[in-house]
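Enquirer: Let's see this in three dimensions:
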Amino acid sequence: MTDNRKSGIALIVGSVGGILTMAIHPTGAGPLTAGQIAHLSLVSGVAHSLAIASVIILFLGACGLAQSIAARDRLSFAAVVVFAFACVAIFIAAAVSGFIVPAILMHMSHDAPNNELQWRIAIDAIFQINQAFARIYSVAASLAVILWSVSALRNGGLGRALSAYGCVVSALIILGIVVGHLRLNVHGMAVVWISQALWFTLAGVSLLSRPPVGVSAA
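Expert: Below you'll find the model as predicted:
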């Protein structure tokens, strides 16, 4: 199996894994019983573990993509560096949302009811950490897609339609976050992830369709 095929498969698998994460991500709100919190912790742990694994696979594919469309302008290399920072940010966001917040909720459920306000303040403060790193990921990953797309427009390696899509959609995501129109709750992150997953999936398909080195396309 060629490097391009391995990278293409990784891009597709990582993208699909992220979509599955958003599909099973818990969205419950309001007062919860101890049993509901335990279920929430389980589902959240599974969802965010899948998210972390998916991003790792996606990054491996992104490294292959960067190598495949590399050019002297170094835009592709810059993209994979920026995407690496984005991956670190989403790892932190996933750990906070998937493991830290549910653990605090479990402690709160076993504490005296009159201490709930203090727990809620702590949860809200930690949630803001999650949101900060979710914004860092969304902006950095979008910037990486723009860099890859611009590199492909200048040097080839991906279809022009896909490259144009990457530039336009990623720019809209960044603008939406900067002006505050795109809030990165579960639904907002689903918009970001699905938009990017489509680009990564099609980039993966493009890598899969390339003939091995030394073999001419028919």
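Enquirer: quick one: buried residues of the worst-scoring helix or strand of the chain on mean pLDDT?
Expert: Least confident helix or strand of the chain, by mean pLDDT, DSSP states H and E, is helix 101-109 with a mean of 81. Across helix 101-109, burial judged by 16 or more other CB atoms under 10 Å covers 101, 102, 104, 105, 108, 109. The way it works is simple: take the backbone N, C-alpha and C, and place the C-beta from them, glycine included.
Enquirer: For the protein, give the helix that spans the most residues.
Expert: Looking across the chain with DSSP state H, the single longest helix is helix 116-155.
Enquirer: Now tell me what touches whatever helix or strand comes next after that one from outside.
Expert: The helix or strand immediately downstream of helix 116-155 is helix 160-179, counting by DSSP states H and E. Residues from elsewhere that reach helix 160-179 (CB atoms under 8 Å, 6 or more residues apart in numbering): 135, 138-139, 142-143, 145-146, 148-150, 152-153, 181-182, 184, 191-192, 195-196, 198-199, 202-203, 206.
Enquirer: Helix 160-179 vs helix 116-155, what angle?
Expert: Computed by axes from the mean of the first three to the mean of the last three CA atoms, to 10 degrees, the angle separating helix 160-179 from helix 116-155 equals 150 degrees.
Enquirer: What average pLDDT does helix 160-179 get?
Expert: Averaging pLDDT along helix 160-179 gives 94.
Enquirer: Then stretch 127-144?
Expert: 93.
Enquirer: count of neighbours near residue 113?
Expert: A count of nearby residues for residue 113, using other CB atoms under 10 Å, gives 7.
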